[in-house]
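Novice: sharing a model that was predicted from the sequence below.
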Amino acid sequence: ILLSPILGILGFIVGLVVSLIIIFKQSMNPALVLTYSVSQGLALGTITGFLEASSNNYAGIGFQAIVGVVGVFIGMLVVYKTGAIRVTPRLTKMVIGAVIGVVVLMLVNLVVSFFTTGGIGLRDGGPLAILFSLVCIAIGAFMLLLDFDQADQAVKAGVPAKFAWYLAFGFMTTL
């Protein structure tokens, strides 16, 4: 069943507003975190439904995305727990810097796409787009390491159990 595009847009808007509330108020409210999760699920589910129904080129894309995300999550959890990659202040700075770089590059691509066809080639399916996507996946994987470390440090510091909701929000935004 295809969801209305209005529901998808509503999901993105509600998710954005709720995420800004959580971030700027540093809220640990379970209702806000659950609202964020449901609204983003609605938005992403709507996009997935449209892609699945649009052509055979996207058949199975939802399942592939879920398997990919779960696989990366488990893989990075194993890497973190075994200590194969340690989260250091230097690694944290590098990952945050990479995220900022990707966001700036995506914004430039968006602006250029207003004046040309396809922007600067980050989303056209060519070799540069594939490389860019792989870099974004790697950065996302390393963001999971930062989330795991934040949760680990919170447990070691003995923060209140309610803080787990804020950590869950962090995991949800990364995933």
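Specialist: Thanks, I have the structure now.
Novice: point out where this protein drops to low pLDDT.
Specialist: Low-confidence segments of the chain (pLDDT under 70): 1-3.
Novice: mind running it again at 50?
Specialist: 1 (pLDDT under 50).
Novice: just give me the longest helix of it.
Specialist: helix 127-157 (DSSP state H).
Novice: in that one, what counts as buried?
Specialist: 129, 132, 136, 139-151, 154 (16 or more other Cβ atoms under 10 Å). Using the backbone N, CA and C atoms, a C-beta is placed for each residue, glycine as well.
Novice: and that helix, how far from the chain's centre?
Specialist: 9 Å (Cα atoms, centre = their mean, to the nearest Å).
Novice: tell me what that helix is packed against?
Specialist: Judged by 3 or more Cβ pairs under 8 Å, 6 or more residues apart in numbering; DSSP states H and E, the packing partners of helix 127-157 are helix 61-82, helix 89-115, helix 163-174.
Novice: possible to save those helices as CSV with distance to Asn29 and mean neighbour count?
Specialist: Output for the helices and strands packed on helix 127-157, formatted as CSV (distance: least, Cβ to Cβ, whole Å; neighbours: other Cβ atoms under 10 Å):
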stretch, distance to Asn29, mean neighbour count
helix 61-82, 24, 13
helix 89-115, 25, 13
helix 163-174, 7, 18
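Novice: tell me which of these sits nearest to Ile21.
Specialist: helix 163-174 (10.6 Å; Cβ to Cβ).
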